[in-house]
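**Q** Quick check, what structure comes out for this input:
(one chain, ligands or ions: 1)
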Amino acid sequence: MQPFSQRSHRDFTPNALARALGSARAKGVCLLDLTSGNPTEQGLGFSSEALSAVLEHPELAFYAPSPFGLYSARACFSDDLRRFGLSVQPEQIMLTASTSEAYAMLFKLLCDPGDAVLVPSPSYPLLEVLAALENVSLIPYTIAYDGEWHIDPESLRRANAASLGRARAIVTVHPNNPTGSFLKRHELSLLAALNLPIISDEVFADYALDNTRKHAASALGAAQHNLVFRLSGLSKSLLLPQLKLAFTAIAGPPELVRSACERLEHIADAYLSPSNVAQLALPRLLNERELVQRDVLARVRNNRDTLTRGLANSAASVLRIEGGWYAIVVLPAVKSDEAWCLALLRERKLVVQPGYFFDLPGTQVVLSLITRESVFAEGVAQLRDALQGL
Ligand SMILES: Cc1ncc(COP(=O)(O)O)c(C=O)c1O
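**A** Numbers count the residues shown, from 1 in each chain. Below is the predicted model of the structure:
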């Protein structure tokens, strides 16, 4: 028997797509990769000169540990939240190295081993890994598409019932990855009615493409009665995944918030993970927010338009995108999503993600809209060609 925990167990065998991709890369095949969500690979965000200049700070040589991070940085995030009409005091803001780490801390705060968390499906695949590493199980509730994405209220009720009282929180991703759908105001009420703490991943909140009238500003809107944790961070909002800084805004009934903060401080104190480099630079980094986000939004819109135009009158269709960085394309059901991905890779040197990674039903593939425009346009042309050859 191996001396390892159950929670670190995974099937580490690469799947057919990973094997085919590995072999193409090993042979040096030039690929049209439409899957990267890493802005630093796609020529977006800060130049290295601009970043080096901004990161210099006279207080860098000094360190005073603080479980929730530097007060000055928490105050910056508190101010920044006002853009969404949200008011959360710096005392109720916890800094972590990443949103992933914030999930881990919240699962530690809210769940004992064997407890469950309700999560949207389709959604962000890493949730499953993060939960498994904390011995937490996930129970999906469905988001369904009928020209627009909606939470299925019946599936929400069923998911809660299926937890047999072990559900300790509900996760929402606003806007969701990869569906790009924002939580609508009435949907937030549905979540709030479950009387569970809400963990709201709002890392893509700055990237709305459409009219936002029906959207909730944030799940923090449910904080009058529910404990709400709003997650965001620099990896998406400032295109700086390498700086490792994220924040969780904690709101809700005051007594619950006080206890949550006390316990989270205890958890965070064991790690003290966010770097002072990013925290000290935060005011200057945030000054550039509009500039860097403007470039991303322009690219996402251009690529969305290229995709919609390129696949018009084809056998594929593009689902509506309200925000975020991804597009979902429904392909003809003549083969599975994985078989499509393998065929596109083999025959067109085109890399797209199969929908099953995200629990998307049917034959759907996911494309990153932050891909460089020239690569994206060539990829769409190849996809269109492949569809014509059917
Ligand atoms: C919905 C969602 N949440 C969180 C993250 C990761 O954020 P972080 O880099 O802060 O861990 C991602 C990354 O793609 C994401 O898609």
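
**Q** pLDDT wise, what is residue 14 at?
**A** The score at residue 14 is 95. That number is its pLDDT.

**Q** quick one: the closest residue to it other than its chain neighbours and residue 367, what's the gap?
**A** In space, residue 14 comes closest to residue 22 once its chain neighbours are excluded; the distance is 6.6 Å by Cβ to Cβ, 6 or more residues apart in numbering. C-beta here means a position set from N, CA and C on the backbone, and glycine is covered the same way. For residue 22, the distance to residue 367 equals 21 Å [Cβ to Cβ, to the nearest Å].

**Q** between the two, which one's more packed in?
**A** residue 367 (25 against 11; other Cβ atoms under 10 Å).

**Q** ok, the more buried one touching residue 351?
**A** No - using Cβ atoms under 8 Å, residue 367 is not in contact with residue 351, being 9.7 Å away.

**Q** got any residues that touch both of these two?
**A** 34, 35 (Cβ atoms under 8 Å, 6 or more residues apart in numbering).

**Q** So which bits of the worst-scoring helix or strand of the chain on mean pLDDT are buried?
**A** Least confident helix or strand, the chain: helix 48-55 with a mean of 93, by mean pLDDT, DSSP states H and E. Neighbour counts over helix 48-55 (16 or more other Cβ atoms under 10 Å) mark 51, 54, 55 as buried.

**Q** now these as JSON lines including distance to residue 126?
**A** Below are these laid out as JSON lines (distance: Cβ to Cβ, whole Å):
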{"residue": "51", "distance to residue 126": "26"}
{"residue": "54", "distance to residue 126": "29"}
{"residue": "55", "distance to residue 126": "27"}
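
**Q** who touches stretch 341-350?
**A** With Cβ under 8 Å, 6+ apart, stretch 341-350 has contacts from 16-17, 20-21, 24, 29-32, 34, 335, 351-354, 365, 379, 382-383, 385-386.

**Q** does the lengthiest helix in the chain come close to the ligand?
**A** Ranked by residue count and defined by DSSP state H, the top helix of the chain is helix 289-310. No - contact between helix 289-310 and the ligand is absent, the nearest approach being 13.4 Å (criterion: Cβ under 6 Å from any ligand atom).

**Q** That helix vs helix 48-55, what angle?
**A** Counting by axes from the mean of the first three to the mean of the last three Cα atoms, to 10 degrees, helix 289-310 points 140 degrees away from the direction of helix 48-55.

**Q** Mind checking the pLDDT average for helix 289-310?
**A** 97.

**Q** got the CA coordinates for it in PDB?
**A** Extracted in PDB, the C-alpha atoms of helix 289-310 (Å, rounded to 0.1, in the frame of the first residue of the first chain):
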ATOM      1  CA  ARG A 289      -6.800  49.100 -14.100                       C
ATOM      2  CA  GLU A 290      -8.900  50.900 -16.700                       C
ATOM      3  CA  LEU A 291      -6.100  50.900 -19.300                       C
ATOM      4  CA  VAL A 292      -5.300  47.100 -19.000                       C
ATOM      5  CA  GLN A 293      -8.900  46.100 -18.900                       C
ATOM      6  CA  ARG A 294      -9.800  48.300 -21.900                       C
ATOM      7  CA  ASP A 295      -7.300  46.200 -24.000                       C
ATOM      8  CA  VAL A 296      -8.800  42.900 -22.800                       C
ATOM      9  CA  LEU A 297     -12.400  44.000 -23.400                       C
ATOM     10  CA  ALA A 298     -11.500  45.200 -26.900                       C
ATOM     11  CA  ARG A 299      -9.800  41.900 -27.700                       C
ATOM     12  CA  VAL A 300     -12.600  39.800 -26.200                       C
ATOM     13  CA  ARG A 301     -15.200  41.800 -28.300                       C
ATOM     14  CA  ASN A 302     -13.100  41.600 -31.500                       C
ATOM     15  CA  ASN A 303     -12.700  37.800 -31.100                       C
ATOM     16  CA  ARG A 304     -16.300  37.300 -30.200                       C
ATOM     17  CA  ASP A 305     -17.300  39.200 -33.400                       C
ATOM     18  CA  THR A 306     -14.800  37.200 -35.500                       C
ATOM     19  CA  LEU A 307     -16.300  34.000 -34.100                       C
ATOM     20  CA  THR A 308     -19.900  35.000 -34.700                       C
ATOM     21  CA  ARG A 309     -19.200  36.200 -38.200                       C
ATOM     22  CA  GLY A 310     -16.900  33.200 -39.000                       C
END
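
**Q** Provide the strand pairings for the helix or strand just after it, with the direction of each partner.
**A** Using DSSP states H and E, the next helix or strand after helix 289-310 towards the C-terminus is strand 317-318. The strands that strand 317-318 pairs with in its sheet are strand 326-330 (antiparallel) (by DSSP bridges).

**Q** Would you mind confirming that residue 257 is in contact with residue 251?
**A** Yes - contact criterion Cβ under 8 Å: residue 257 and residue 251 qualify, at 6.4 Å.

**Q** For the two, indicate the residue with more neighbours.
**A** Set side by side, residue 257 and residue 251 show more neighbours around residue 251, with 28 against 19, by other Cβ under 10 Å.

**Q** can you pull the contacts of the more buried one?
**A** By Cβ under 8 Å, 6+ apart, the neighbours of residue 251 are 88, 92, 220, 223, 227, 228, 230, 257.

**Q** what do you get if the cut-off is 7 Å, keeping everything else the same?
**A** If a contact means Cβ atoms under 7 Å, 6 or more residues apart in numbering, then residue 251 has 88, 92, 220, 223, 228, 257 as its contacts.

**Q** Got phi/psi on it?
**A** Main-chain torsions, residue 251, degrees, to the nearest 10: phi -140, psi 160.

**Q** Would you mind measuring from it to the ligand?
**A** Remark: distance between residue 251 and the ligand (Cβ to the nearest ligand atom, to the nearest Å) = 19 Å.

**Q** Give me the pLDDT value at that residue.
**A** We have a pLDDT of 98 for residue 251.
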